[in-house]
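Participant: predicted structure and sequence below. I'll ask about it afterward.
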Amino acid sequence: MKKLGITLFLLLLIAGGAGWYVWNGIQPVEGGGQPVEFTIEPGTGTSRIAELLEENGLIKNDLLFKGYLRLNEEGSRFMAGTYEASPGTTYQELITMLNNGEVKPKEMVKFTIPEGYTVRQTAQTIAEATGLEEQELLELMDSVNGWDSSLVEGIPAEAELRHQLEGYLFPATYELPKEGLTALSVIQGMLSQTEKRLEDIPNWESLLEEKGLSIHELLTIASLVEREVVADQERALVAGVIYNRLEQGMKLEIDATVQYLLDKPKARLLFKDLEVESPYNTYRNPGLPPGPISSPSLASIEAVLKPEASQYLFYVTKKDGTQEHLFAKTYQEHLKNIEISNNMAQGQ
């Protein structure tokens, strides 16, 4: 009887020890450590997943984890991917994460290209935000080869362009996965965005055909409007003035085309600046410049497709801080508007 009691006691002790061992083994590891990243490849079985979790210090015992999975009929829905978990995560939290495919968010890079930016400004902004080489970006932006874009096919080969893709890279905020990011993929994405956003304008191709414009001419005029206009309500009106001057064979004499040629923009152009020899200088050359001078917004593109009709041939910026313009039909009216604008600056 005494021996039986000792035997029962030993059995209970063993059972209690085993129970404690199991209970302790399925408890979360001590928390407070740094998050751990681990990757489950497609086709990985639950045994290997359990081993991965133990190897990364997220569970205490892979055998106990596998037993827990079998007991609870779990593990068949685990999804492949790269995960991140912290020590102290419970079995159930790990299982839920793997069942739902709650993979580690990809590291992203974000940059904003404002409307009216030039290719050089765009390349610099992208380089600063992504770590890509600015020179490589510029070299690609100066090429029409290798792009999956119908827009690029319309860039005239004979045009004397400063930058081939000027005006073709849509100004917007971009957020892209950092992994695998290349200068090529960034620029391709921006070209694709331009194509996509054009489709936001109803019947844009029909409107383009009605105006008798090529896509290159559309983006060129839109870039002029973008750099000349700040007040949204004036975009279509300024586009109409550009059409009027072109139809009458007048030089456009747009300051922004001269500013485009300068290393640094000037608050006020000098007479010698207007004499610079370049096909982009609309003070010296009739018609449109060879290509866009900036990345136009969708609003400017739409203004060129739907210009506001008027008899205006001139405009001058109001010097009252509104950045709006005074419009005129004749040169005499224009001179009077210049005087009015100057008086605004003097507070009269």
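Facilitator: Alright, I've got the coordinates.

Participant: part of a strand, is Glu37?
Facilitator: Yes: Glu37 sits within a strand when classified using DSSP: H, G, I helix; E, B strand; the rest coil.

Participant: check contacts around it.
Facilitator: Thr82, Tyr83, Glu84, Lys104 (C-beta atoms under 8 Å, 6 or more residues apart in numbering). Where you see a C-beta, it was placed from the backbone N, CA and C, and this is true even at glycine.

Participant: and the residues you listed, which two are furthest apart?
Facilitator: Thr82 and Glu84 (7.6 Å; C-beta to C-beta).

Participant: residues shared between the contacts of these two?
Facilitator: Glu37, Phe38, Lys104.

Participant: and the second one, what does it touch?
Facilitator: When you say that, I think you mean Phe38. Counting by C-beta under 8 Å, 6+ apart, Phe38 has contacts Leu52, Leu53, Asn56, Leu58, Thr82, Tyr83, Glu84, Ala85.

Participant: of those residues, just the buried ones, ChimeraX syntax please.
Facilitator: Restricted to buried positions by 16 or more other C-beta atoms under 10 Å, the ChimeraX selection for those reads:
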select :52,53,58,83,85
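
Participant: any idea of the mean pLDDT in the one helix or strand Asn244 maps to?
Facilitator: Secondary structure assigned from DSSP states H and E places Asn244 in helix 235-247. Averaged across helix 235-247, the pLDDT comes to 97.

Participant: so what touches that helix?
Facilitator: With C-beta under 8 Å, 6+ apart as the criterion, helix 235-247 contacts 221, 224-225, 228-229, 251-252, 254, 287-288, 299-300, 302-304, 306-315, 325, 327.

Participant: from Ile26, how far out is Gln233?
Facilitator: As judged by C-beta to C-beta, to the nearest Å, Gln233 and Ile26 stand 68 Å apart.

Participant: neighbour count winner among these two?
Facilitator: Ile26 (16 against 9; other C-beta atoms under 10 Å).

Participant: my read: the more buried one touches Tyr68, true?
Facilitator: Yes: using C-beta atoms under 8 Å, Ile26 makes contact with Tyr68 at a distance of 5.9 Å.

Participant: which among the contacts of helix 235-247 end up buried?
Facilitator: Neighbour counting by 16+ other C-beta under 10 Å classes 221, 224-225, 228-229, 252, 254, 288, 300, 302-304, 307-308, 312-315, 325, 327 among those as buried.

Participant: of these, which belong to helices?
Facilitator: Ile221, Leu224, Val225, Glu228, Ser300, Glu302, Ala303, Val304 (DSSP state H).

Participant: state the distance from the closest residue to the third one other than its chain neighbours to Ser294.
Facilitator: Spatial nearest neighbour of Val225, excluding adjacent residues (C-beta to C-beta, 6 or more residues apart in numbering): Ser300 at 4.4 Å. When C-beta to C-beta is the yardstick, Ser300 and Ser294 sit 9 Å from each other.
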